[in-house]
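Asker: Provided below for reference: sequence and predicted model.
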Amino acid sequence: MDGESLLKVWNLNKLSGVVGVINCQGAGNWPVKDAEVAPVSASIPTLLSGRVSPLDVEYLDQVAGHNWCGDCCICILFSISF
């Protein structure tokens, strides 16, 4: 974990698409990165920032159709416990 990267994932189906950004900092170690980057403590909150857009979902404009005006819904979840 490098303390600055966010994981961006997207999915598309016949009618719509979804894009999500996930903060995976402190979720584990990447063996390849252990020697290169000092570990980030999960107990120390770190502010991360990034950009996300409906245009991050490839082909969304084609699936949405010609009448799509670009309207999108945003859902934000600040905390979750498993």
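Answerer: In hand now; what should we look at?
Asker: from here on, contacts and neighbour counts on C-alpha atoms
Answerer: Will do.
Asker: and K8, what element?
Answerer: Element membership of K8 [criterion: DSSP states H and E] is strand 7-12.
Asker: Now do that strand: which elements does it pack against?
Answerer: Packed against strand 7-12 by the contact rule (3 or more C-alpha pairs under 8 Å, 6 or more residues apart in numbering; DSSP states H and E) you find strand 17-22.
Asker: picking that back up, got the contact list for the strand holding K8?
Answerer: Contacts to strand 7-12, defined as C-alpha atoms under 8 Å, 6 or more residues apart in numbering, come from residues G17, V18, V19, G20, V21, I22, N23, C24, D56, V57, E58, L60.
Asker: Look up the pLDDT of the fifth one for me, please.
Answerer: As predicted, V21 sits at a pLDDT of 84.
Asker: Now do the contacts for it.
Answerer: Residues near V21 by C-alpha under 8 Å, 6+ apart: L6, L7, K8, V9, V52.
Asker: May I see the ChimeraX selection of the buried members of those?
Answerer: The ChimeraX selection below is limited to those of the contacts of V21 classed as buried (16 or more other C-alpha atoms under 10 Å):
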select :6
